[in-house]
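K.L.:
This is the structure alone, sequence omitted:
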């Protein structure tokens, strides 16, 4: 089972600040997904990255996939209180069962007004 | 849009009691999954069903059984609950036709005392 290490585990910032969350593995990812989870709800998929060096943007969120496909990062520009939540990276086993995911421990982000 | 529906939302069990968590999806997905989420450990796969009529173990299957009742429904059973099974349980579904998108339910909070 591939192990995913996320850092930092906790992040508390003021509204308007920028932040970056990291996801690393000792082995190559087939693909990597980022999820956001709010209290009392299930994770919601933000993005899937597949190609080494790939960069995807979702409004103020920028996702990067390392060239060697062993690391990924999530950068949020000008964070807002609505960005507060648990951010999870996950890799899947591929094949026909895309939901066989291995998750990182998660990063709890709190954005203060 | 119902998506993935789990019942019950909350449950308290005594050690040794049994119970079944129910899950249903209305998206005509082939694959369904059960995950558990514990603090500081992300989500871990318990069991999955790649298609109707098949089930397989995930990362942490001990103490659980599953049934893929039909294409819509996938249940998780605890035969003899233990305090170590106190957790939040998430059901999810996916379909190759929808790409890599995995849809999660809202979770079931289980406490074993």
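P.N.:
In hand now; what should we look at? If you're wondering where the values come from, they're calculated on a predicted model, not measured in any experiment.

K.L.:
Can you read off the backbone torsions of residue A:39?
P.N.:
Comment: the main-chain dihedrals of residue A:39 come out as phi -60, psi 130, following degrees, to the nearest 10.

K.L.:
In the chain, where is pLDDT below threshold?
P.N.:
No chain specified, so I'll use chain A. Counting by pLDDT under 70, chain A has low-confidence residues at A:1-2, A:93-98.

K.L.:
Let me rephrase: I mean chain B.
P.N.:
Low-confidence segments of chain B, defined by pLDDT under 70, span residues B:1, B:96-100.

K.L.:
how about 90 then?
P.N.:
Residues of chain B meeting the criterion pLDDT under 90: B:1-2, B:39-42, B:50-53, B:69, B:95-102.

K.L.:
can you give me the strands for the chain?
P.N.:
Assuming you mean chain A. For chain A, the strands defined by DSSP state E occupy A:5-7, A:10-14, A:19-24, A:32-37, A:44-49, A:55-58, A:61-65, A:71-76, A:85-92, A:101-103, A:107-112.

K.L.:
Chain B is the one I meant
P.N.:
Assigned by DSSP E, the strands in chain B fall at B:4-7, B:10-13, B:19-25, B:31-37, B:43-49, B:56-57, B:64-68, B:74-78, B:87-94, B:102-104, B:108-112.

K.L.:
out of the ones you listed, which comes closest to residue A:46?
P.N.:
Closest of the strands of chain B to residue A:46 is strand B:102-104, at 12.0 Å (criterion: CB to CB). Where C-beta positions appear, they are placed from N, C-alpha and C, glycine not excepted.

K.L.:
Direction included, what does the closest one pair up with?
P.N.:
Using DSSP bridges, the strands paired with strand B:102-104 in its sheet are strand B:87-94 (antiparallel).

K.L.:
Residue B:59: which of the strands of chain A is closest?
P.N.:
Closest to residue B:59 of the strands of chain A, according to CB to CB: strand A:101-103, at 7.7 Å.

K.L.:
And chain B, is that closest one touching that?
P.N.:
Yes - for strand A:101-103, a contact with chain B is found by CB under 8 Å from any CB of the partner chain, at A:101-103.

K.L.:
Output those residues as a markdown table; include the columns neighbour count and distance to residue A:67.
P.N.:
Output for the residues of strand A:101-103 next to chain B, formatted as a markdown table (neighbours: other CB atoms under 10 Å in any protein chain shown; distance: CB to CB, whole Å):
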| residue | neighbour count | distance to residue A:67 |
| --- | --- | --- |
| A:101 | 29 | 23 |
| A:102 | 21 | 21 |
| A:103 | 22 | 23 |
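
K.L.:
Can you add distance to residue B:18 and give these back as a markdown table?
P.N.:
Conversion of the residues of strand A:101-103 next to chain B to a markdown table gives the following (distance: CB to CB, whole Å):
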| residue | distance to residue B:18 |
| --- | --- |
| A:101 | 28 |
| A:102 | 29 |
| A:103 | 28 |
